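S.K.: build me a model from this:
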Amino acid sequence: MSIRAVIFDLGGVLVRTEERAPRQQLAARLGMTYEQLSSLVFDSPSARLAMQGKIAPEAHWETVRAALALSPQELSVVRSDFWAGDVLDSGLVDTLRALRPRYKTALLSNAWGDLRQALASEWKIADVFDELVISAEVGLLKPDPRIYQLALERLGVAPEEAVFVDDFTENVAGARAVGMQAIHFRDSQQARADLEAALDQR
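M.R.: Residues are numbered from 1 along each chain as shown. Purely as a prediction, here's the structure:
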């Protein structure tokens, strides 16, 4: 069966921390390691609640502020510096644009409830996707099979008609478990080549 839909993750794939120095310097100022700071922002209980849509992103950041004993003004600087090394992969975005309208496209992301706005106003790539499946909006997290099935339903395709790209092996395995073809993102060139091969094969 031919591939009809291409689904991408966002963080670590389309948007990546290409320059670690700003976050490393921030962590040092806070008396933490890079990994400790990243874990606080991405992997803490409040971060997971935000990804599930159970609390707002601002409530999560308030938890971060309290954990670091920062003033509101200091938190604003921390948030800016934390993301300073993140870069949108315009080449991969162009690849997605070029696939339309021959293929349906979707974003499938474990993310907080402010992602849709960021896609539209900050990165200006919301128009690249036919569907946005954001964990905070749907209350499901990859690799829960239900979130992949929801993406497929919204796109109107069968699992074997979709290919999914993600940087986490457990999310790739989750997609394959529901019958999708999946690509483990390691770098932009590799992912683009693997995607081209997947589309050529089907």
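
S.K.: quick one, longest helix in the chain?
M.R.: helix 188-201 (DSSP state H).

S.K.: and that helix, what does it pack onto?
M.R.: The contact analysis (3 or more Cβ pairs under 8 Å, 6 or more residues apart in numbering; DSSP states H and E) places helix 188-201 against helix 90-99, strand 162-166, strand 181-184. Any C-beta I mention is one placed from the backbone N, CA and C, and that applies to glycine too.

S.K.: comparing those, which comes out most buried?
M.R.: strand 162-166 (a mean of 26; mean count of other Cβ atoms under 10 Å).

S.K.: what residues does the helix or strand bottoming out on mean pLDDT in the chain touch?
M.R.: Sorting the helices and strands of the chain by mean pLDDT, DSSP states H and E puts helix 188-201 at the bottom, at a mean of 93. Contacts of helix 188-201 from elsewhere in the structure, counted by Cβ atoms under 8 Å, 6 or more residues apart in numbering, are 3, 6, 13, 89, 91-92, 95, 99, 103, 163, 165, 181, 183, 185.

S.K.: mind giving me the domain split of the protein?
M.R.: With automatic domain parsing as the criterion, the domains of the chain are listed as 5-16+87-201, 19-82.

S.K.: among those, show me which one is buried the most.
M.R.: Of the domains of the chain, domain 5-16+87-201 is the most buried (mean count of other Cβ under 10 Å), at a mean of 18.

S.K.: show me the helices in this protein, by range?
M.R.: With helices called from DSSP H, the chain shows them at 21-29, 34-42, 45-51, 57-68, 72-82, 90-99, 115-121, 135-138, 145-155, 169-177, 188-201.

S.K.: any chance of the ones you listed in CSV, plus distance to residue 108?
M.R.: Output for the helices of the chain, formatted as CSV (distance: least, Cβ to Cβ, whole Å):
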stretch, distance to residue 108
helix 21-29, 25
helix 34-42, 17
helix 45-51, 13
helix 57-68, 19
helix 72-82, 24
helix 90-99, 13
helix 115-121, 11
helix 135-138, 9
helix 145-155, 5
helix 169-177, 9
helix 188-201, 15
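
S.K.: next up, the contacts around residue 47.
M.R.: For residue 47, the contacting residues are 40, 41, 60, by Cβ under 8 Å, 6+ apart.

S.K.: what do you get if the cut-off is 6 Å, keeping everything else the same?
M.R.: residue 60 (Cβ atoms under 6 Å, 6 or more residues apart in numbering).

S.K.: quick one: it and residue 134, what's the gap?
M.R.: In this view, residue 47 and residue 134 are 15 Å apart by Cβ to Cβ, to the nearest Å.
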